[in-house]
Structures are given as structure tokens and as C-alpha cells.
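Asks: Pasting a predicted model and its sequence here:
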Amino acid sequence: MADFRIEEGLLEKGYENIAGIDEAGRGALFGPVVAASVMFLDDFIRNNQEAWLFEIDDSKLLTPRKRERLARAILATAKAVGIGMATNKEIDKKNIHAASFEAMRRAVKKMSFCPDFLLVDGFQLPGIHHDQLGLRQGDRRSISVASASIVAKVLRDQMVSNLDDVYEGYAFAKHKGYGTKDHFRALDEKGPTVFHRFSFRPLNQEKG
């Protein structure tokens, strides 16, 4: 389970505004990649007595209902939250790796408090002038990163689900744009929408 040990170590080194960053939707065939940047108060990190903190984990390991409940608690408690995204067209133009970084940079820039240290899931974030640390499996080690994972996942799932009524028969509310059997069946029957990622297989083969 994630905890605040990394954040507490950074506080001891003199950092004050520590933001965890993660994205959601990297592997989907449809829609944007969404990133979140989450910062908690120093005292909250040091005390960390809230019961829900002990449930925080990688968003992919949580049920949808638990993710939504934890996202509400995170948004109500955080010192600052920033949201950024990159569209499917940006993903097709830049590639998913570069587009994910762009979504993360946008999330940081949207924060009401400027972070002085970034904890980034996976790799360090290029093109941004902050002290930072790339954390392998950061969403299982840092509550700040895991919280960003949860917020980004809940927001993206809601965005994609809202398009279910617009594009009937694709079952977006069920699979959230990922490559399931239902999704591939809809693609075979109806073809891709304007929000699909044409650089991803099998869509790139269809377009070519």
C-alpha cells in the first residue's frame, strides 16, 4: 500500500509543496490521456490520521466505487489539484509517451500553488523546471502519486462514460475506451469515431 514516507523525507529536506503526478488512459484506444497533480498540506502529510488514507493504492487495483469515494476525499482534502489532458489527435501526432508528458505538464501548470518538488509515476517529467523524482510503481509507493492516479482515473472514466449516449452501441461506459471484446466488436460493426486513436493498433491498420 502507498504511504507518505517519501513525502516525509522530502519535508525533512526543506521542501514544502510536494506534488504527486500520474495519468490515466495511456493504453486506451479512445479518448484523451488525462493527468492529475495532487498536493497535500505539510501538516496533513506529517499527521496522516485520516482512515481513508489507508485505502489509497494504485487506482487500477481499486473498485470503481472505492475510486470514486476516495477521489471525493482527496479533492476535499488536498491543498491543490491540477488536471491536464492531451487529446486523441495529440496522441496520434506526438505518440502516447510524449502526449502523456504533455498532459502531466499541463496538470502541474493548473495548480493553484506552485510545487517545489514533483513525484512522478514512472519517469521524470521533461521540459519542466522543478526538482523531481521519477518513481517506478509510484502509485503503489506514494500517497500523493496514488491520489493523482485515482483522480485522473475517475475523471477520465466519467468523461468517456458521458459519451456513451452520443455514440450508441460502443459501450464506452462499460470498457472506458480500452481494447475489450465489446469494443472491438463495435469497431467492426460501426467503425471508429473521431475520438479514436488512429495511431493505435488495430486502428492504424484500418486507416492504412
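Replies: Structure's in. What do you need?
Asks: hey, where'd the helices end up in the chain?
Replies: For the chain, the helices defined by DSSP state H cover 5-12, 42-47, 64-77, 88-94, 96-109, 143-161, 172-175, 181-190, 203-207.
Asks: hey, which of those helices is tucked in deepest?
Replies: Sort the helices of the chain by mean neighbour count, taking mean count of other Cβ atoms under 10 Å, and helix 143-161 sits at the top with a mean of 26. In this view, the C-beta of every residue, glycine as well, is placed from N, C-alpha and C.
Asks: Which segments of the protein make up each domain?
Replies: Listed by automatic domain parsing, the domain ranges of the chain are 5-158, 172-207.
Asks: what about the first one, start to end distance?
Replies: Across domain 5-158, the terminal residues are separated by 31 Å (Cα to Cα, to the nearest Å).
Asks: give me every residue that touches Val33.
Replies: Val33 makes contact with 23-26, 85-86, 91, 96, 99-100, 103, 156 under the criterion Cβ atoms under 8 Å, 6 or more residues apart in numbering.
Asks: could you redo the last one with a cut-off of 7 Å?
Replies: With contact set as Cβ atoms under 7 Å, 6 or more residues apart in numbering, Val33 has these partners: 23, 25-26, 85-86, 91, 96, 99-100, 103.
Asks: go on, Thr180?
Replies: Applying Cβ under 7 Å, 6+ apart, no residues qualify as near Thr180.
Asks: Tell me where the protein is predicted with low confidence.
Replies: Counting by pLDDT under 70, the chain shows low-confidence ranges at 205-208.
Asks: Spatially central residue (nearest the centroid) of it, please.
Replies: Glu23 (2.5 Å; Cα atoms, centre = their mean).
Asks: Pretty sure that one sits against Val151.
Replies: No: assessed by Cβ atoms under 7 Å, Glu23 is found out of contact with Val151, at 10.7 Å.
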